[in-house]
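Enquirer: here's a sequence, model it:
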Amino acid sequence: MTGREDKKLNDLFFVCSLIEYIARKTKNQRSTVVNALGKEKLEHLYELADVYHSENIDKLTHELTTEYGIDTGSYDNVAVARYSIPTHWDIGKVYHRLVAEVAEKSQKSYIDALIDVFNSWIVEKIDDYNCSMYYENESYLYASYKAGEPL
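Expert: Numbering: from 1, shown residues only. The predicted model follows:
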């Protein structure tokens with residue numbers, strides 16, 4: 001372990017933040033981005049996250065959206081936010097913590113857990129910046145995720 005967090009958790013944080021960034025830039029739901037990239041590419045991004053996070057995120061986003069045919073959608077949760085908008089890094093941290101806990105508790109790989117989380121009901125709640133779900137603590141998010149509804 002180097003720094004405050006395990007390297008693999010930091011790599012997961014980068015991938016979650018990248019998904020959030022791409023989704024915002026393309027106005028797509030997060031599941032659209034995750035499913036377009038697919039498991040193999042997500043694993044690749046995760047394995048090389050330490051290299052990719054040194055790249056210009058706009059350049060990386062352009063390359064990925066072009067290569068994986070992620071067109072502009074109509075989902076714009078940022079535009080409808082009435083309050084302060086968390087950064088893609090802020091939301092990446094929320095997803096990273098939830099994905100890590102799901103992976104640990106379900107004995108799944110980080111990428112399998114990531115795919116499950118980003119394709120679940122909780123993303124709609126976390127993406128609603130007009131409610132409090134995105135800044136709830138990780139144990140509450142995990143318990144709600146498992147219950148299938150906010151607790």
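Enquirer: need the nearest residue in space to residue 136, chain neighbours excluded.
Expert: Once its chain neighbours are removed from consideration, residue 136 has its nearest residue in residue 144; the separation is 7.8 Å (C-beta to C-beta, 6 or more residues apart in numbering). Just so you know, the C-beta spots here come from the backbone N, C-alpha and C atoms, and that holds for glycine as well.
Enquirer: what do you get for residue 69?
Expert: residue 36 (6.7 Å).
Enquirer: read off the pLDDT value for the one you found.
Expert: The confidence metric pLDDT takes the value 98 at residue 36.
Enquirer: helices of this protein, start to end?
Expert: With DSSP state H, the ranges of helices along the chain come out as 7-26, 30-47, 49-52, 57-67, 88-106, 110-118, 122-126, 138-147.
Enquirer: so which bits of the shortest one are buried?
Expert: Read that as helix 49-52. Residues of helix 49-52 classed as buried by neighbour count (16 or more other C-beta atoms under 10 Å): 49, 52.
Enquirer: and for stretch 59-71?
Expert: Across stretch 59-71, burial judged by 16+ other C-beta under 10 Å covers 60-61, 64-65, 70.
Enquirer: per-residue pLDDT, residue 5?
Expert: Residue 5 is assigned 69 on the pLDDT scale.
Enquirer: next, the buried residues of stretch 121-129.
Expert: Using 16+ other C-beta under 10 Å as the test for burial, stretch 121-129 gives 122-123, 125-127, 129.
Enquirer: what average pLDDT does it get?
Expert: The predicted model gives stretch 121-129 an average pLDDT of 96.
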